[in-house]
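> got a predicted structure here, sequence first:
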Amino acid sequence: FNIAYMQWHRVIAQQGKKMNLREQYIEALNHSLDGCYRDFDYYESMGMQRFMDEVEAAIDSLKQQIKDAEQAS
């Protein structure tokens with residue numbers, strides 16, 4: 001969550017359009033997810049399975065958080 005929270009603050013600073021807090025949170029989670037995919041590709045290219053497993057778990061968690069946030073009213 002710390003990474004998503006830091007991304008969230010960066011998204012707020014960079015966004016010119018008005019978004020509500022839920023939209024900002026989802027945007028931050030998506031940015032974090034993008035970073036995880038980049039990390040996964042790097043670790044995969046280096047053959048670092050242990051790190052790939054950790055990043056895969058983070059990806060699954062972020063996807064669930066995004067799903068939960070999108071379903072929240």
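Ah, there it is.
> quick one, helices of the chain?
Applying DSSP state H to the chain gives helices spanning 2-14, 21-46, 49-71.
> highest average neighbour count across those helices?
Comparing those by mean neighbour count (mean count of other Cβ atoms under 10 Å), helix 21-46 comes out on top with a mean of 16. C-betas here are computed from N, CA, C, even on glycine.
> got the angle between that helix and helix 49-71?
Helix 21-46 runs at 160 degrees relative to helix 49-71, counting by axes from the mean of the first three to the mean of the last three Cα atoms, to 10 degrees.
> ok, so what distance separates I59 from L29?
According to Cβ to Cβ, to the nearest Å, I59 stands 11 Å off from L29.
> picking up where we left off before, kindly reformat the helices of the chain as a markdown table containing mean pLDDT.
Converted to a markdown table, these look like this (pLDDT from 0 to 100):
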| stretch | mean pLDDT |
| --- | --- |
| helix 2-14 | 62 |
| helix 21-46 | 95 |
| helix 49-71 | 96 |
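> got a list of what L62 touches?
A4, L29, S32, L33, C36 (Cβ atoms under 8 Å, 6 or more residues apart in numbering).
> for it, which non-adjacent residue is closest in space?
L33 (4.6 Å; Cβ to Cβ, 6 or more residues apart in numbering).
> would you confirm that the one you found contacts E56?
No: with contact defined as Cβ atoms under 8 Å, L33 does not count as touching E56 (12.0 Å).
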